[in-house]
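S.K.: build me a model:
(2 chains)
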Amino acid sequence: GQNIDQPTEMTATEGAIVQINCTYQTSGFNGLFWYQQHAGEAPTFLSYNVLDGLEEKGRFSSFLSRSKGYSYLLLKELQMKDSASYLCAVRAFSGGYNKLIFGAGTRLAVHP
Amino acid sequence: SQTIHQWPATLVQPVGSPLSLECTVEGTSNPNLYWYRQAAGRGLQLLFYSVGIGQISSEVPQNLSASRPQDRQFILSSKKLLLSDSGFYLCAWRSTTLSYEQYFGPGTRLTVT
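M.R.: Purely as a prediction, here's the structure:
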């Protein structure tokens, strides 16, 4: 089956660095996405990794290891507005087409 | 630029009543369209997927259905709502030529009472 695991909740301090991990067991892997979702709002795209390694985009970086079935999202210089849920999603080929399979999300609370 | 609209934003419906949620996309042609549901504290669950007019793939057998009457219009329906249909319904689109990321609409919060 398809399974994606990420921590339910995390807390961090403003200005600090936080790493949100995601592990997955899926067949037909074709890439991994990270989305940010503020409470009551739609998810917004953060990053996409299809090859192993680190992708950096401003304060956010995302890492992928396909052999380990592992990814992380790194948030630097945390701001209060970074308080949100972070969704890990695997793009997998299943049932004849590529689809996104989402984890339950990690709720991050940033404190002053 | 591309935009995606969903309505209504919130809806409270009694059990057994019908449902119709609408999603439209602007600024792109022939997008892939998706319906997701997000239950409280859970991940997004893919409900339906469409690659073109009249072409619908169903992910989860249930009392919901979807239709795509026009290229940029996607409708989610039910004849009789169940309590378990409550949730946050999100429509998303993806370009078939540019990239793999999906872009989400603002969502509809449905409460079945």
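
S.K.: which stretches of the chain form strands?
M.R.: No chain in the question, so chain A it is. Applying DSSP state E to chain A gives strands spanning A:3-5, A:9-13, A:18-25, A:29-37, A:44-49, A:53-57, A:60-65, A:70-75, A:84-94, A:97-102, A:106-111.

S.K.: oops, I was thinking of chain B
M.R.: With strands called from DSSP E, chain B shows them at B:3-7, B:10-13, B:19-26, B:32-38, B:44-52, B:55-58, B:64-70, B:73-78, B:87-94, B:103-104, B:108-112.

S.K.: distance to chain A and mean pLDDT added to those strands, as JSON lines?
M.R.: The C-beta positions use only the backbone N, C-alpha and C, and glycine is treated the same way. Below are these laid out as JSON lines (distance: least, C-beta to the nearest C-beta, whole Å; pLDDT from 0 to 100):
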{"stretch": "strand B:3-7", "distance to chain A": "9", "mean pLDDT": "94"}
{"stretch": "strand B:10-13", "distance to chain A": "10", "mean pLDDT": "97"}
{"stretch": "strand B:19-26", "distance to chain A": "12", "mean pLDDT": "96"}
{"stretch": "strand B:32-38", "distance to chain A": "8", "mean pLDDT": "96"}
{"stretch": "strand B:44-52", "distance to chain A": "4", "mean pLDDT": "93"}
{"stretch": "strand B:55-58", "distance to chain A": "7", "mean pLDDT": "91"}
{"stretch": "strand B:64-70", "distance to chain A": "15", "mean pLDDT": "96"}
{"stretch": "strand B:73-78", "distance to chain A": "15", "mean pLDDT": "96"}
{"stretch": "strand B:87-94", "distance to chain A": "6", "mean pLDDT": "96"}
{"stretch": "strand B:103-104", "distance to chain A": "4", "mean pLDDT": "96"}
{"stretch": "strand B:108-112", "distance to chain A": "8", "mean pLDDT": "96"}
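
S.K.: rebuild the ones you listed as JSON lines, extending it with distance to A:His38.
M.R.: JSON lines is the format used below for the strands of chain B (distance: least, C-beta to C-beta, whole Å):
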{"stretch": "strand B:3-7", "distance to A:His38": "17"}
{"stretch": "strand B:10-13", "distance to A:His38": "17"}
{"stretch": "strand B:19-26", "distance to A:His38": "20"}
{"stretch": "strand B:32-38", "distance to A:His38": "13"}
{"stretch": "strand B:44-52", "distance to A:His38": "15"}
{"stretch": "strand B:55-58", "distance to A:His38": "30"}
{"stretch": "strand B:64-70", "distance to A:His38": "26"}
{"stretch": "strand B:73-78", "distance to A:His38": "23"}
{"stretch": "strand B:87-94", "distance to A:His38": "13"}
{"stretch": "strand B:103-104", "distance to A:His38": "12"}
{"stretch": "strand B:108-112", "distance to A:His38": "14"}
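
S.K.: closest one to A:Tyr72 among those strands?
M.R.: A:Tyr72 sits nearest to strand B:44-52 of all these, at 20.1 Å, using C-beta to C-beta.

S.K.: show the pLDDT at residue 27.
M.R.: Using chain A. What the model reports as pLDDT for A:Ser27 is 89.

S.K.: not quite, go with chain B.
M.R.: 92.

S.K.: residues touching it, list them.
M.R.: B:Ser1, B:Gln2, B:Thr3 (C-beta atoms under 8 Å, 6 or more residues apart in numbering or on different chains).
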